[in-house]
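Chemist: Task: produce atomic coordinates for the following.
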Amino acid sequence: MRLPLILLLFCATYVSVYAQLLDCQINKRVTTVKYTGGRVLNSTEMEIQINSAKGTDFAEIEIPFNKGNNIKELQAGIYDLLGNKVRLLKKKDIVRSHAFSRGQFHSDDMVLSFKLIHNRYPYIIKYSYTEEVNEYLYVAYWIPRWFEKVPVIESVLNVEIPEDLKVKVYQQGVDSAKVTAVNGGDKYTWVAKSADYVKRQSYGPTKRELQSKVVVIPEKFKYGIKGSHESWQSFGIWLNDLKTNLHDLPEEEKLKIRALTKDCSDDIEKAKVLYHYMQDNTRYINVALDIGGLQPESAQHVCSTKYGDCKGLCNYLQAMLKEVGVESIYTLVQAGANTDKVRTDYPSQQFNHIILCVPQVNDTIWLECTDNTAPFNYLGTFTQNRQVLLINGSKSRLTKTPALEKEQVLNDFVTHVNVADDGSVNMHTNGIVRGSLFGYLKGLDDALPEREKIDYLDDLELFNHCDIIKYEINRSHRDSAWLELKLHANLNQAAEKIGSRLLLKPIRPVSIKLDKPEKRTQELRFNYPINVKDTIVYHLPKKIESVSGLKTLEWQSEYGYYKKELSIDGHDLKIFRHIVIEAGHYPVEDYEKVYNFIDKCSKAESQKGIVKYQNQH
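Modeler: Below you'll find the predicted structure:
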């Protein structure tokens, strides 16, 4: 198994060590950053201790860098605990290669890798190097400890700042820097000894947000072209300038898109036609060449190759819309299921994705350009309710994407459960699916061969102890933000005979596991609402006299709503259930109130029922 150790240095480079407790530790890491002559010099000294045979997996070292930068003065070796040299790294043992991340097609990210393995434990690995960074957005981005099971005994960050370079410093969880005068500027030194790893609690902030860190942001920088972090407006101007002259389309393409939109009655219809055209004729591929992390491929390039990443595809659609007179705005967003909060008081690159905004008089259209089957004007749980940066020259500014409403995430299932006299159980269910489950099932249906889909549906565990026999995933049209899921399945352990009575167990409980209030130390985040309705009809082999253990319930609070209703009709038991958890970010002081509401719902969800048939005594 190959596990990387990647140094967290500049612009979010990390120390990556994966280890079991005591297999490996970092004794010391010293990072020194110097700004000189428009370049940044990053020097690193690392000492790693391998404590067991399992630790040999962690003696594979990877040093990432960009193709335009230079790694020099690399030295490495193996030492015993007394500091005696065992073996030095030889130049022939260093491998230089491209560092493709998952989904990348082109990349200028590079990596130097080597192994330092010894057969006597414990032993020490020491290595050091300097990286010359010619293009930079950050002076330093330092996290003393990144992995839970790899202790860091001491981590040091030195940053030398000349007088003429203005910087903003964001620090969290570390002592203030010691500042000394050096070379006509200031040297800042942060020291973290035995830094704690902060484990994310359920529905808490992201791992990155929780860890101790220091971020040094230069007011002026050079990345492709010169730019400024003085304000979000100035940062947006720089990003806008990166896109200069990238909107040109081939004449043949211009004629085609004019023909496609000639009968459109308004800008919204034009946008929809061209959005569908782009979806039908391009595909998403990650590209990171030159300054490809932030600069899009030209519209002409995407048009000819029929592929692009989020930047290239958004730029291409923006160029097409411009050609037919529709204004649109290239927009930076931090995408993902759970994302870092944007630090609005530190204008800088804090985003990982691009979407397109099409402003209208009465509304704003938002377009996800990397998904060939996404509905028009739909942002799912991946990008909804986010702080975003509109790139519009001197009008660049922060705003927010729309938040999903409860109705937009409602999952509504009607399930018929057939219980035979021998206790075997099967079901048929028909669900209308929205929100995150819609996105997952749509992606599954788009990407996987039929033979694999049923395995992924099983893994979702939409129903307890469910063996799916047959399924259907149906979508009414390409722009619907919901789909229909039909399942036929056997249910194991859903019903159990207890003498002449029948025990019914929950088959589709909503379960939200939270930390006990006394253990909670972090903000609670529900980034979008949870809204689930279920109608479950049990068809039993005999007429029902009564059901115990299940109760009709209903309550409401500022945190959500819960309702359960029961009715009996001959052989049939009908259970209706509706649960809503409101979206919100709740401070620790409010956590216990939210916890109590959700705990009350969870207990109601776990209720079991005992059915007594008629003519039983």
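Chemist: and stretch 380-388, how far apart are its ends?
Modeler: Stretch 380-388 has an end-to-end distance of 15 Å (CA to CA, to the nearest Å).
Chemist: So what touches that stretch?
Modeler: Contact partners of stretch 380-388, identified using CB atoms under 8 Å, 6 or more residues apart in numbering, comprise 331-337, 339, 341-342, 344, 351, 353, 355, 357, 366, 368, 374, 398-404, 409, 435-436, 438-439, 527-528, 583. C-beta: built from backbone N, CA, C; applies to glycine.
Chemist: Check stretch 454-462 too.
Modeler: Contacts of stretch 454-462 (CB under 8 Å, 6+ apart): 431, 440, 444, 448, 466-468, 471, 487, 508.
Chemist: Let me see the mean pLDDT of the helix or strand residue 74 falls within.
Modeler: Element membership for residue 74 (DSSP states H and E) is strand 70-79. Confidence over strand 70-79 (mean pLDDT, whole number) is 95.
Chemist: Alpha carbons of the following helix or strand past it, in PDB - could you do that?
Modeler: Once the chain leaves strand 70-79, the next helix or strand it forms, by DSSP H and E, is strand 85-88. Output of strand 85-88 as PDB, limited to C-alpha atoms (Å, rounded to 0.1, in the frame of the first residue of the first chain):
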ATOM      1  CA  LYS A  85      23.900   8.200   9.800                       C
ATOM      2  CA  VAL A  86      22.700   4.900   8.400                       C
ATOM      3  CA  ARG A  87      22.200   5.700   4.700                       C
ATOM      4  CA  LEU A  88      21.800   8.800   2.600                       C
END
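Chemist: just checking, what packs against strand 85-88?
Modeler: Here strand 85-88 touches strand 70-79, going by 3 or more CB pairs under 8 Å, 6 or more residues apart in numbering; DSSP states H and E.
Chemist: try 10 Å this time
Modeler: If you count contacts as 3 or more CB pairs under 10 Å, 6 or more residues apart in numbering; DSSP states H and E, strand 85-88 packs onto strand 70-79, strand 123-133.
Chemist: among these, which is the most enclosed?
Modeler: Per-stretch averages of neighbours, counted by mean count of other CB atoms under 10 Å, single out strand 123-133 among the helices and strands packed on strand 85-88, with a mean of 20.
Chemist: Output it as PDB, nothing but the C-alphas.
Modeler: Taking Å, rounded to 0.1, in the frame of the first residue of the first chain, the C-alpha atoms of strand 123-133 are listed here in PDB:
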ATOM      1  CA  TYR A 123      14.600   4.800  13.000                       C
ATOM      2  CA  ILE A 124      14.700   8.400  11.900                       C
ATOM      3  CA  ILE A 125      14.100   9.900   8.400                       C
ATOM      4  CA  LYS A 126      15.500  13.400   7.900                       C
ATOM      5  CA  TYR A 127      15.100  15.400   4.700                       C
ATOM      6  CA  SER A 128      15.200  19.000   3.600                       C
ATOM      7  CA  TYR A 129      14.700  21.000   0.400                       C
ATOM      8  CA  THR A 130      13.900  24.500  -0.900                       C
ATOM      9  CA  GLU A 131      11.200  25.300  -3.400                       C
ATOM     10  CA  GLU A 132      11.400  28.400  -5.600                       C
ATOM     11  CA  VAL A 133       7.900  29.600  -6.200                       C
END
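Chemist: Relative to that strand, what are the paired strands and their orientations?
Modeler: strand 39-50 (antiparallel), strand 70-79 (antiparallel) (DSSP bridges).
Chemist: what's the following helix or strand after that strand?
Modeler: strand 140-142.
Chemist: Rounded mean pLDDT for that following strand, please.
Modeler: Regarding strand 140-142, the rounded mean pLDDT is 96.
Chemist: returning to that earlier point: of all the helices and strands packed on strand 85-88, which lies closest to residue 534?
Modeler: Taking CB to CB, strand 123-133 is the member of those nearest to residue 534, at 55.2 Å.
Chemist: Could you give the separation of stretch 544-556 from the chain centroid?
Modeler: The chain centroid and the centroid of stretch 544-556 are separated by 40 Å under CA atoms, centre = their mean, to the nearest Å.
Chemist: Next: stretch 206-216.
Modeler: Going by CA atoms, centre = their mean, where stretch 206-216 is centred and where its chain is centred differ by 16 Å.
Chemist: what comes up buried for the helix ranked longest in the chain?
Modeler: Criterion DSSP state H: the longest helix present in the chain is helix 588-605. For helix 588-605, the buried set under the neighbour-count rule, 16 or more other CB atoms under 10 Å, comprises 591, 594-595, 597-598, 601-602, 604-605.
Chemist: so which of those residues comes closest to residue 492?
Modeler: Lowest distance from residue 492 to the buried residues of helix 588-605 (CB to CB) belongs to residue 605, with 19.3 Å.
Chemist: isn't the closest one right up against residue 577?
Modeler: Yes - the pair formed by residue 605 and residue 577 meets the contact definition of CB atoms under 10 Å, at 7.8 Å.
Chemist: does the residue nearest to the spatial centre of the chain sit in a helix, a strand or a coil?
Modeler: Most central in the chain under CA atoms, centre = their mean is residue 336, positioned 3.1 Å from the mean C-alpha point. Recorded secondary structure, residue 336: coil (DSSP: H, G, I helix; E, B strand; the rest coil).
Chemist: Give me the distance between it and residue 436.
Modeler: According to CB to CB, to the nearest Å, residue 336 stands 12 Å off from residue 436.
Chemist: Overlap of the contact sets of those two?
Modeler: 381-382, 527 (CB atoms under 10 Å, 6 or more residues apart in numbering).
Chemist: the helices in the stretch 101-250 of the chain, which residues?
Modeler: Using DSSP state H, counting those that start in this stretch, the helices of the stretch 101-250 of the chain run over residues 207-210, 232-242.
Chemist: Output the contacting helices and strands for the shortest one.
Modeler: Which is helix 207-210. Judged by 3+ CB pairs under 10 Å, 6+ apart, helix 207-210 has no packing partners among the helices and strands.
Chemist: Tell me where the stretch 251-400 of the chain has strands.
Modeler: 283-284, 286-288, 307-308, 329-333, 353-359, 364-367, 387-391, 397-400 (DSSP state E, counting those that start in this stretch).
Chemist: worst average pLDDT in those?
Modeler: Looking at those, the lowest mean pLDDT belongs to strand 286-288 (a mean of 69).
Chemist: quick one: low-confidence ranges for this protein?
Modeler: Counting by pLDDT under 70, the chain shows low-confidence ranges at 1-21, 100-108, 288-292, 616-617.
Chemist: List the contacts of residue 163.
Modeler: If you count contacts by CB under 10 Å, 6+ apart, residue 163 has them with 181, 183-186.
Chemist: May I see the ChimeraX selection of the buried members of those?
Modeler: Buried residues among these (16+ other CB under 10 Å), as a ChimeraX selection:
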select :186
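Chemist: returning to that earlier point: mind giving me the PyMOL command for buried ones among the contacts of stretch 380-388?
Modeler: To isolate the buried ones among the contacts of stretch 380-388 in PyMOL, judged by 16+ other CB under 10 Å, type:
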select buried, resi 331+332+333+334+335+339+342+351+353+355+357+366+368+374+401+404+409+435+436+438+439+527+528+583
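Chemist: Deepest-packed of the helices of the stretch 101-250 of the chain, please.
Modeler: Of the helices of the stretch 101-250 of the chain, the one with the most neighbours on average (mean count of other CB under 10 Å) is helix 232-242, at a mean of 19.
Chemist: Measure how far that helix is from the centre of its chain, please.
Modeler: On CA atoms, centre = their mean, the centre of helix 232-242 falls 25 Å from that of its chain.
Chemist: From the contact counts, what lies against that helix?
Modeler: On a contact count with 3+ CB pairs under 10 Å, 6+ apart, helix 232-242 meets strand 220-223, strand 225-228, strand 329-333, strand 387-391, strand 397-400.
Chemist: So for residue 164, which of those strands sits nearest?
Modeler: strand 220-223 (9.4 Å).
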